[in-house]
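> Generate coordinates for the sequence data below:
(2 chains, ligands or ions: 2)
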Amino acid sequence: MSTPNPNPENRQINIIDPAFTLNPQPVYDEVLTRYRVAKTIGLNSPVISRYEDVIWALRHPEIFSSEMDMHVGLGTERPMIPQQLDPPLQTRYRKILDLQFSRARVMEIEPDVRRHANELIDQFVDAGECEFDRDFAIPLPCRAFLRMMGLPQEDLELFLELKNGIIRPPIANPYDIAAAKEYRAKTGKRIYAYFEALIDDREKSPRDDMMTYFTKVELDGKKLTRNEILDICFLFLLGGLDTVTATLGCSVFYLAENPEHRRRLAEDPSLVPAAVEELLRWQTPVTIVPRILKQDWELDGVQMKAGSMVSLLIGAANVDEQEFGAGEGKCVHFERERNRHIAFGAGPHRCLGSHLARMELRVGLEEWHRRIPSYSIKAGETPRVSPGIREVMYLPLVWEKGGAA
Amino acid sequence: MKVRVDLDRCVGHGRCYELAGSVFAEDDRGHCLVKRSTIPPELEVAARRGAENCPEDAIVIEEE
Ligand code: HEM
Ligand code: SF4
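Ligands and ions are numbered 1, 2, ... in the order given. Sure thing, here's the model as predicted:
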């Protein structure tokens, strides 16, 4: 399987090319078969991609550290909790956070998320068309998240604006790094202020919700500080919305282009949970997870220095035939017996929101296909996929009017 | 067949209790609890399915 490239300098892959985010599979093929460690155009770091290498790195935070707030200017003033911390500190926070994001907790809000999904569909089902990202994939996770946190649904627009201000700053020239940084810092301050006001409110008038929990919960006998709560909430806003939006878009984009899979899902809703997993594997919307080396490290003849960044290409790991079977890794199979995909990461940083995300994806795909079983991409239109997290930013769909109620 | 979970490896992906709820359950944090360590023959398929889908290889199966 491995044919090491004699000249590491030539192991270049381009991951900011729009062709990559639209269809990363050819690049995954190339890195998996040829470059155990690749270099990237666009990210100034080596990339590792085999399932076995990536999962090993994810499980060894003492070598592959997440402490990197200085490296990704996202408008934050301190590291985000728990993502930018390493165990054992990270794990201490996870103990109190996991309780709020367990499958059991998530199931409590499932009926509300189902209602939100239907209210969104109500708005466009009779028109026979929609722009999937704007009309469904963006608002559904935001509504679900507001519900999960116990925040008012009226905050939807504000929430989207704050999140976009960090992830895609609306500046005239998107390549103006200084302007982007300034916009992010400004938005970051507004995000802190928004959550601070909530903390004040819940300290005065406690409720049965997650913000109140944060103001009361104790970690090793001490309450969380205000900054700790803010550093957790900031991460929720960045990690809990776009990721689900991107996965909904990538999944429905795939189904619109592959009508035999779409038909099976529409005819047999019991396939949805497995389809969610398989589409997460195949599309892996969060394609890359970064780490900082704690020590010098060598793989496949490539030397990497302590303190430098390494990117883990989980998208490629998720189609590695060594893990998923020869031929099998590259097919989409809803009935896959064994699917140990790592679209939510692995090891101690396993996505805190994975149970919430899975529920949103399942409910979203169930309700969509119940009411709009047959749909396709509008003739003459070309969907667009964003760089970074693979959000299908433009996905115009059409269907026959008069579907199920 | 006997089943146990290595809690040093389990990080709460929840694949085991999602796919094989007759054998595995979740604790408060969403980590794995083995409901019965000795698996009757009719649940062996479920136990294997849960174990095989754990991304952390946290579930250990011992055939007798
Ligand atoms: C399909 C949707 C989602 C995908 C694909 C996804 C993906 C990921 C990945 C790959 C990681 C690991 C990052 C790393 O190892 O550095 C992660 C971590 C995280 N995710 Fe998600 N995520 C999703 C939804 C959510 C949601 C809904 C939330 C809600 C709050 C969330 C909150 C988090 C948090 C807090 C972490 C950091 C965990 C830690 O470092 O201990 N995610 N996510
Ligand atoms: S699938 Fe594995 S990691 Fe996840 S809860 Fe079960 S035993 Fe733990």
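
> Looking at chain B, which helix is longest?
The longest helix of chain B (DSSP state H) is helix B:44-52.

> does ligand 2 sit close to it?
No: contact check for helix B:44-52 against ligand 2, using Cβ under 6 Å from any ligand atom: none in range, with a minimum separation of 6.9 Å. Every C-beta, even on glycine, is put in place using the N, C-alpha and C of the backbone.

> how about that helix: buried residues?
Buried residues in helix B:44-52, counted by 16 or more other Cβ atoms under 10 Å in any protein chain shown: B:46-52.

> for stretch A:21-32, same thing?
Buried residues in stretch A:21-32 (16+ other Cβ under 10 Å): A:21, A:24, A:27-28, A:31-32.

> what helices or strands is the longest helix of chain B leaning on?
Here helix B:44-52 touches helix B:15-19, strand B:59-62, going by 3 or more Cβ pairs under 8 Å, 6 or more residues apart in numbering or on different chains; DSSP states H and E.

> Restricted to helices, list the buried residues of stretch A:21-32.
Mapping these onto helices (DSSP H) picks out A:21, A:27-28, A:31-32.

> which secondary structure element contains the residue nearest to A:D135 when sequence neighbours are not counted?
Spatial nearest neighbour of A:D135, chain neighbours left out: A:F124 (5.5 Å); criterion: Cβ to Cβ, 6 or more residues apart in numbering or on different chains. Secondary structure assignment for A:F124, by DSSP states H and E: helix A:110-124.

> That helix and ligand 1, any residue contact?
No: judged by Cβ under 6 Å from any ligand atom, helix A:110-124 stays clear of ligand 1, getting no closer than 11.4 Å.

> Name the residues of that helix that are buried.
Residues of helix A:110-124 classed as buried: A:113-114, A:116-118, A:120-121, A:124 (neighbour count, 16+ other Cβ under 10 Å).

> residues in contact with it?
A:130, A:135-136, A:139-140, A:143-144, A:147, A:359-360, A:363-364, A:366-368, A:371-372 (Cβ atoms under 8 Å, 6 or more residues apart in numbering or on different chains).

> ditto for stretch A:80-90
Residues outside stretch A:80-90 that contact it (Cβ under 8 Å, 6+ apart) are A:61-62, A:65-69, A:74, A:79, A:91, A:93-94, A:97, A:228, A:231-232, A:234-235, A:238-239, A:348-349, A:352.

> related to what we said a few turns ago, quick check, nearest of the buried residues of helix B:44-52 to ligand 2?
Within these, the smallest distance to ligand 2 is 6.9 Å, found for B:G50 (Cβ to the nearest ligand atom).

> ok, that closest one - contacts?
Contact analysis of B:G50 by Cβ under 8 Å, 6+ apart lists B:15-17, B:19-20, B:23-24, B:59.

> picking that back up, now the contacts of helix A:110-124: which count as buried?
By neighbour count, with 16+ other Cβ under 10 Å, these hold A:130, A:135-136, A:139-140, A:143-144, A:147, A:359-360, A:363-364, A:366-368, A:371-372 as buried.

> Which two of the buried residues of stretch A:21-32 have the greatest separation?
Spanning the widest gap among those are A:T21 and A:L32, at 18.0 Å by Cβ to Cβ.

> quick one on the thing from earlier: in TSV, list the ones in helices among the buried residues of stretch A:21-32 along with pLDDT.
Formatted as TSV, those follow (pLDDT from 0 to 100):
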residue	pLDDT
A:T21	90
A:V27	92
A:Y28	94
A:V31	91
A:L32	93
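
> What distance do you get for the residue of chain B found nearest ligand 1 to A:E161?
Distances between chain B and ligand 1 by Cβ to the nearest ligand atom are smallest at B:V11, namely 9.1 Å. B:V11 is 34 Å from A:E161, where distance means Cβ to Cβ, to the nearest Å.

> More neighbours: these two, which one.
In this view B:V11 and A:E161 are compared by other Cβ atoms under 10 Å in any protein chain shown, and B:V11 has more residues nearby, 26 against 12.

> Find the centremost residue of chain A, please.
By Cα atoms, centre = their mean, the mean C-alpha position of chain A lies nearest to A:T243, the distance being 2.9 Å.

> Help me confirm that it is found in a strand?
No: counting by DSSP: H, G, I helix; E, B strand; the rest coil, A:T243 is not found in a strand; it is helix.

> I am finished for the moment; much appreciated.
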